[in-house]
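A.B. asks: starting from these lines, generate the structure:
(chains A and B)
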Amino acid sequence: MEVQVLSSAPLLSVLRSLFIAFLVAAGPGPVSLPMTLFTGETVRKFLPATMPGGVAVFDADNDGQLDLYFPNGAPLPAGRKTLPAHANRFFRNRGAMRFEDRTTASGLGGTGYDFAAAAGDFDRDGQVDLLVSGLRGLTLYRNRGQGIFEDVTARSKLDNHGRWSVGAAWLDIDNDGDLDLFVVNYVRWDPATEKPCLVDGQPDFCHPRAYQPQPNALFRNEGDGTFTDISATSGIAQHLGKGMAAAVADFDLDGRLDIFVTNDRVFNFLFRNLGDGRFEEVAFACGVAAPANGNPPSAMGADAQDYDNDGRPDLIYTALRDETFPLYRNTGAEFVEATVSSRLSVLTRAMAGWGIVFADLDNDGWKDIVAARGEVLSATGSKGALAREPLSWLRNVEGRQFVAGDAISAPSRLYRGIAAADLDNDGCLDLVATALEAAPQVIKRSCPPASHWLEVNVSAGARVQVGTQWRHATYTSGYASSCNCPLHFGVSAGTVNVKVTWPDGKQKTMSDVPVDRRIAVEP
Amino acid sequence: MLLLLLLAQDSAQLSQQGAQAIRERRFSDAERAYRQLLKVDPANPAWHMNLGLTFHLSSRYADAVPELQLFLKAKPQPGPMHLLLGLSQLKLSRACDAIAPLEKARAWNAEQSVVELADAYYGCKRFLNAARTYEAALATQHKSAAVARQAAHCYWEARQYPDAQRLFATVATPFAQDADFNYEYGDTLARIEGPAAGVPYLERAAATKPTLLAARGELGKAFQSLGQNQEAIPHLEAAAAADSALLLPQSRAYRAKGRVADSERVQAEYRRQANSEIHWER
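C.D. replies: Below you'll find the model as predicted:
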């Protein structure tokens, strides 16, 4: 890998600070970006140290290239960044899989222990903004253009009351055209009361039952740069959980975006949007509160997309070893668990997963599953090297079953966040994955030579049909991550028909759209 | 000097008497001899060792432990007294405390202490350590179907199913009629090859021992996964009495068979029990 210092600053000042510009060029294998995901893990095994961190993929400077942002940790128990190595990092995509560290210039370095990032244009100025969630609160960065951001948290009136959040999702809950914010809160954590835990006789991270649950939060975008906390009035805050991730989709196709939330060892939530600013929790009625065996697993990252091409968004989430990754097929009336029938029960039995996304990696027209794997327990604990796992590709066989795909070229790690996006605009989805105490991996992928593709840029919440495939435009990505990216479809050669349905019912149909290109569709 | 000489002669005599008493299993006499020796020379680790040995051989394990610990504090090199201390701890059902001395004993003589160490790991619920140690024992004089079965069981407890399957397969014949074996093997196969692979073994477990509710629960879940809800229901009904998590698959099986009222009743019970179980977390 070639690392070239671009900064023109004197060498000494460059060495004094890690806030410098790097250009990382792609080699034949995965690209390791020049940062380490700092966890702050100590022998005390404070719980936050196993929870970082996600990735946000978005075009920060509107140059047509998807850029990368990584929240980062801090020393524990204080949870305050004290060194440049703790900074959240922003990498500008210079094309051809080259990434330039623009953290300092962007203003996105952060101050606290951060976990997740959600990319969305909350002020509708055409620039994608960034919400970062952390151990002690939220930070909202407004994109001023050219990849330069300003912290507008105080002005926005966003207040998560000091709760620890590990995920956030931008979504338009009221179809008024601007993005509201759902925040996934994990557990109450107080280092003063945290007791040491042993696993197989060795110090390790405690089981989630050692911590109190939290309510999630929902903030309505008032359209003037401020948000109103509607967690209580919406009904969201009535439900205490141990939230890990949110997957957003219009599950019942009523034109309103719903929210699925995974909870760690307690029942999952499915918040059905009633359309009047209120949500009804329907996970039991819809069959997604717990897997068929009745044991709520360590539900981790989640994704919602239509894997069987029937037009309805389905659900999957990761869990730990022996819990399998539950898959739910949306039948319209309810969700039917397809973990066994799809063979995922066998394929994922030995896996511990965090991030997970539906993504058509081979452009065959069927959304595969990509999982970022790694134990929740410490690599210095009883699991040892077994805690590190690879990334996994589970290939979708015509919407009925999954089989193991080819190995993904990246080392075994304690992976956490993952996103799939075409980073070099070659028509094939690439991968970005984060891992504890390791450099983020950017994996360039190649698709079968005869494969074709189409990418569609639409506003959030829209449903896009390309041929027989559907995708829902949402920005969440697995665990703690976000992909504000064009919707990717693997297609056959020639032309395809494209139909976009927006939440307010507006539709646009385009016939005979040539493939192998990226298009934008507006209402 | 003369006094010291006399004391030494007395000590040698007492020591011989103690050793003779142990050989003849006159443990009260042996205890008396070593206690006298300790009065004269309380820092001598040999007297603690022999007193500990006396207690161990007379099944007074609680008395043996402190004496052996005093000896090992003075003579920490791996040796047979580590094995004795570990065995005493095991006899006292202090499996976790037995691990450290038995690990030392294994360093001294792997053949003699490997099964005991595995037992200690097992008793301490360190199943993966136990499985690996039992499996190591298979490579020694301890090779037997029982040890292989125990190793498989520990891999199963540790959720290392491929290893469990490998070892279960080696003892399938001698344990073919063993309900617990069929339950664990069937459960293992269901998890790593799919429910259809596990059903025959789980059915055999349930038929051999209908009171083995865990097996019936797994059988019910396997049937339900295969869409055989009618077959699943009696097993889930029976097993849910012992495992309230099974109320959820039971509810879904009822629903699949059109028994909506039963389904709702059971699901309500599932949620009630689950909420009461997690209530403390709030």
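A.B. asks: so how far is stretch A:334-354 from its chain's centroid?
C.D. replies: Per C-alpha atoms, centre = their mean, to the nearest Å, the displacement of stretch A:334-354 from the mean C-alpha position of its chain is 20 Å.
A.B. asks: need the distance between the two termini of it.
C.D. replies: Length of stretch A:334-354, first residue to last, C-alpha to C-alpha, to the nearest Å: 25 Å.
A.B. asks: wondering if it reaches chain B at all.
C.D. replies: Yes. Contact between stretch A:334-354 and chain B, assessed by C-beta under 8 Å from any C-beta of the partner chain, occurs at A:340-341, A:343, A:345-346, A:349-350. All C-beta atoms are positioned from the backbone trio N, CA, C, and that covers glycine.
A.B. asks: list the buried ones in that stretch?
C.D. replies: Residues of stretch A:334-354 classed as buried by neighbour count (16 or more other C-beta atoms under 10 Å in any protein chain shown): A:335, A:337-354.
A.B. asks: with stretch A:398-407 instead?
C.D. replies: In stretch A:398-407, counting by 16+ other C-beta under 10 Å, buried: A:399, A:402, A:405.
A.B. asks: widest-spaced pair of the residues of stretch A:334-354 next to chain B?
C.D. replies: Using C-beta to C-beta, the residues of stretch A:334-354 next to chain B reach their maximum pairwise distance at A:S341 and A:A350, which is 19.3 Å.
A.B. asks: helix, strand or coil for the residue of chain A found nearest chain B?
C.D. replies: Of all residues in chain A, the one sitting closest to chain B is A:G294 (3.4 Å; C-beta to the nearest C-beta). Under DSSP: H, G, I helix; E, B strand; the rest coil, A:G294 falls in the coil class.
A.B. asks: pLDDT score for it?
C.D. replies: Here the pLDDT value assigned to A:G294 is 93.
A.B. asks: let me see the contact set for it.
C.D. replies: Counting by C-beta atoms under 8 Å, 6 or more residues apart in numbering or on different chains, A:G294 touches B:244-249, B:270.
A.B. asks: redo that, cut-off 10 Å
C.D. replies: B:217, B:221, B:236, B:240, B:243-252, B:270, B:274 (C-beta atoms under 10 Å, 6 or more residues apart in numbering or on different chains).
A.B. asks: stretch B:241-258: which residues count as buried?
C.D. replies: So for stretch B:241-258, counting by 16+ other C-beta under 10 Å, buried means B:243-256.
A.B. asks: restrict those residues to those near chain A?
C.D. replies: Filtering the buried residues of stretch B:241-258 for proximity to chain A by C-beta under 10 Å from any C-beta of the partner chain leaves B:243-253, B:255.
A.B. asks: and the residue lying closest to A:A350 once chain neighbours are set aside, how many residues sit next to it?
C.D. replies: Nearest residue to A:A350 in three dimensions, chain neighbours excluded: A:R321, at 6.1 Å (C-beta to C-beta, 6 or more residues apart in numbering or on different chains). Residues within reach of A:R321, counting by other C-beta atoms under 10 Å in any protein chain shown, total 22.
A.B. asks: how about A:R321, secondary structure?
C.D. replies: coil.
A.B. asks: so what's it up against?
C.D. replies: A:R321 neighbours (C-beta under 10 Å, 6+ apart): A:298, A:348-353, A:373, A:375-377, A:383, A:386, A:389, B:159-161.
A.B. asks: show the pLDDT at it.
C.D. replies: For A:R321, the predicted pLDDT is 91.
A.B. asks: now A:A480, nearest residue through space, not along the chain?
C.D. replies: A:G54 (2.9 Å).
A.B. asks: contact partners for the one you found?
C.D. replies: A:37, A:69-71, A:114-118, A:132-133, A:166-168, A:245, A:301, A:354-355, A:372, A:416-419, A:434, A:476-482.
A.B. asks: leaving out chain neighbours, which residue sits closest to residue 108?
C.D. replies: The chain I'm using is chain A. A:L108 sits nearest to A:F90 (C-beta to C-beta, 6+ apart), 4.6 Å away.
A.B. asks: actually it's chain B I care about, not the one you picked
C.D. replies: B:P78 (3.8 Å).
A.B. asks: picking up where we left off before, so which of the buried residues of stretch A:334-354 are in helices?
C.D. replies: Applying DSSP state H to the buried residues of stretch A:334-354, the entries found in helices are A:344-347.
A.B. asks: so, low pLDDT: which residues of the chain?
C.D. replies: This is for chain A. Across chain A, residues meeting the criterion (pLDDT under 70) sit at A:1-28.
A.B. asks: was after chain B, sorry
C.D. replies: B:1-9, B:276-282.
A.B. asks: what residues does the stretch 51-200 of chain B have near chain A?
C.D. replies: B:96, B:99, B:121, B:124-129, B:158-162, B:190-197.
A.B. asks: between the ones next to chain A among the buried residues of stretch B:241-258, which sits nearest A:L270?
C.D. replies: The nearest one, if we look at those relative to A:L270 and count by C-beta to C-beta, is B:L248, at 15.6 Å.
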